[in-house]
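Asker: Build me a model:
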Amino acid sequence: METKPKDSTNIDATNLDTESIIKKTVEDNLTSLYKLQLIYSKIDKIRVIRGELPLEVRDLEDACSGITIRINKFKDMINDFQAQIEEKQQIMKKANALILRYKEQLENIKNNREFEALTKEIDYQNLEIQLSEKKIKEFNIKITEKQEEIGNLENEYNIFKQELEQKETELNTIIAETKKEETLLLDKIKQLEESIEPRLVNAFMRIRNSMRNGLSVVKIERDACAGCFSKISPQRQLDIRMHKKIIVCEFCGRILVDDEIASISEDLLKDIL
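Answerer: Numbers count the residues shown, from 1 in each chain. Here you go, the predicted model:
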């Protein structure tokens, strides 16, 4: 039985169609990723306008919080000292009562042994009173010291609080001015991410979070990666322009695109950039 030869024309056409689909898919992904990068870069610029204000606000909030904790700690110490003063006052009250009782008993003693015993008890109670008075004096000094420290901290808190309110007002003003634009860009990011494969979005964010300038996708500029400025070989540049697969920089790991992809992406976003 003769076997009909396969139609090479059909095979070639199928291969071409497959390659075309693959290329189109890669181009779409690269365009979407570069658009994503452009939008994130725009958001980064907006946030740069805020400068160091968010950090300054956070530092002032931490400072105010730290002072409040210290003030509360000193107030707890004062309460503890006052409780100990009350305890010593009770000891003195009890000691005075015992001294009065022992002195009454001295009037009815029958021998020297009883006299000496009662005298020792009176002396002991007097020592308790003296010791309690000394402790009360020390506690009052400590209370005064802590109250002074609280006063200084409250003044410091008021200065920080006033500065914090000023910085918060400045920051809120800037946020209000840029909120509408930033919200629009964030909505666009959400739409784009839904059209990109999750694995690519995850890779994009992983690279972005690892880069100080937040650049995940960059162009080739002057035969070099625009992210780390390392030279890209002619063959690798050719592979990038072919759009058959996603290629990353061998040196920094950023995704690389050619001028064509970059130009298409920029044109598509010209209304919001």
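Asker: and the longest helix for this structure?
Answerer: Longest among the helix segments of the chain by residue count, using DSSP state H, is helix 112-195.
Asker: How far off centre is it?
Answerer: 23 Å (C-alpha atoms, centre = their mean, to the nearest Å).
Asker: cool, stretch 88-104 as well?
Answerer: Computed by C-alpha atoms, centre = their mean, the separation of stretch 88-104 from the middle of its chain amounts to 59 Å.
Asker: buried residues in that stretch?
Answerer: For stretch 88-104, a neighbour-count test (16 or more other C-beta atoms under 10 Å) marks 88, 91-92, 95, 99, 102 as buried. In short, each C-beta sits where N, CA and C put it, glycine included.
Asker: can I get these in a markdown table with secondary structure?
Answerer: Shown next, in a markdown table, are these (DSSP: H, G, I helix; E, B strand; the rest coil):
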| residue | secondary structure |
| --- | --- |
| Lys88 | helix |
| Ile91 | helix |
| Met92 | helix |
| Ala95 | helix |
| Ile99 | helix |
| Tyr102 | helix |
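Asker: which residues sit in contact with Ile246?
Answerer: Ile246 sits next to 26, 29-30, 33, 200, 255 when contact means C-beta atoms under 8 Å, 6 or more residues apart in numbering.
Asker: Can you add distance to Asp239 and give those residues back as JSON lines?
Answerer: Putting the contacts of Ile246 into JSON lines (distance: C-beta to C-beta, whole Å) gives the following:
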{"residue": "Val26", "distance to Asp239": "11"}
{"residue": "Asn29", "distance to Asp239": "15"}
{"residue": "Leu30", "distance to Asp239": "13"}
{"residue": "Leu33", "distance to Asp239": "17"}
{"residue": "Leu200", "distance to Asp239": "18"}
{"residue": "Ile255", "distance to Asp239": "13"}
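Asker: Take the residues you listed and keep only those in helices.
Answerer: Per DSSP H, those map to helices at 26, 29-30, 33, 200.
Asker: coming back round to it: which other helices and strands contact the longest helix of the chain?
Answerer: On a contact count with 3 or more C-beta pairs under 8 Å, 6 or more residues apart in numbering; DSSP states H and E, helix 112-195 meets helix 8-49, helix 53-106.
Asker: what pairs with the longest strand anywhere in the chain, and is each one parallel or antiparallel?
Answerer: The longest strand of the chain (DSSP state E) is strand 217-221. Sheet pairing here is set by DSSP bridges, and for strand 217-221 it gives strand 224-225 (antiparallel), strand 255-257 (parallel).
Asker: Quick one, which of those strands gets closest to Met77.
Answerer: Smallest distance to Met77 across the strands paired with strand 217-221 (C-beta to C-beta): 58.8 Å, for strand 255-257.
Asker: Beyond that closest one, next helix or strand please.
Answerer: Next helix or strand after strand 255-257 toward the C-terminus (DSSP states H and E): helix 259-268.
Asker: Distance from that following helix to the middle of the chain?
Answerer: The chain centroid and the centroid of helix 259-268 are separated by 36 Å under C-alpha atoms, centre = their mean.
Asker: List the buried residues for stretch 244-258?
Answerer: Buried residues in stretch 244-258, defined by neighbour count with 16+ other C-beta under 10 Å: 246-247, 249, 252-258.
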